[in-house]
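# Sequence plus predicted model, see below.
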Amino acid sequence: MEKRTKTQYSFETKKEIVDRHLAGETAMELAAEFHLSSKFLVESWTRAWRKGGDEALMPKPKGRPKGSAPKPPLSEEEKLRLENKRLLAKVAYLEKLRDLRDQGHR
């Protein structure tokens, strides 16, 4: 069996199809003319264009966004500083909770 790959269409092709669909041509006719997998592709591009304009038809960047690479491991001292900060916040929260209970709030 041959593995199917998604065909990517240029912005210009998508825009032409959407413009013609908005001008009155049916999604089925356009799908047949441009050898699309189904009329629903034409309809989804048209909906996307109505919602987001030309930007919605532009190709999306592939892969992870820049800056999403894993961070280098923290040193032992940095780990301890973060844990200390977390524990101080926890103690402050619990003290505030205790003070509210002492004042009669539940």
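Structure received.

# got the contact list for Gln8?
For Gln8, the contact set (Cβ atoms under 8 Å, 6 or more residues apart in numbering) comprises Pro59. For glycine as for every other residue, the C-beta is placed from the backbone atoms N, C-alpha and C.

# now with 10 Å?
Lys14, Pro59, Lys60 (Cβ atoms under 10 Å, 6 or more residues apart in numbering).

# Tell me who's in contact with the second one.
Contacts here follow Cβ under 10 Å, 6+ apart; on that basis Pro59 touches Gln8, Tyr9, Ser10, Phe11, Lys14.

# Distance to Lys51 for these - can I get that in JSON lines?
Below are those laid out as JSON lines (distance: Cβ to Cβ, whole Å):
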{"residue": "Gln8", "distance to Lys51": "20"}
{"residue": "Tyr9", "distance to Lys51": "18"}
{"residue": "Ser10", "distance to Lys51": "20"}
{"residue": "Phe11", "distance to Lys51": "16"}
{"residue": "Lys14", "distance to Lys51": "14"}
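
# Of the contacts of Gln8, which one scores lowest on pLDDT?
Lowest in pLDDT among the contacts of Gln8 is Lys60, which has 84.

# which stretches of this structure form helices?
With helices called from DSSP state H, the chain shows them at 11-22, 27-33, 39-52, 76-102.

# want to throw those helices into a markdown table with mean neighbour count and distance to Lys66?
Output for the helices of the chain, formatted as a markdown table (neighbours: other Cβ atoms under 10 Å; distance: least, Cβ to Cβ, whole Å):
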| stretch | mean neighbour count | distance to Lys66 |
| --- | --- | --- |
| helix 11-22 | 16 | 22 |
| helix 27-33 | 15 | 36 |
| helix 39-52 | 15 | 23 |
| helix 76-102 | 10 | 24 |
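
# Turn those into a markdown table, including distance to Gly67.
Formatted as a markdown table, these follow (distance: least, Cβ to Cβ, whole Å):
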| stretch | distance to Gly67 |
| --- | --- |
| helix 11-22 | 26 |
| helix 27-33 | 39 |
| helix 39-52 | 24 |
| helix 76-102 | 20 |
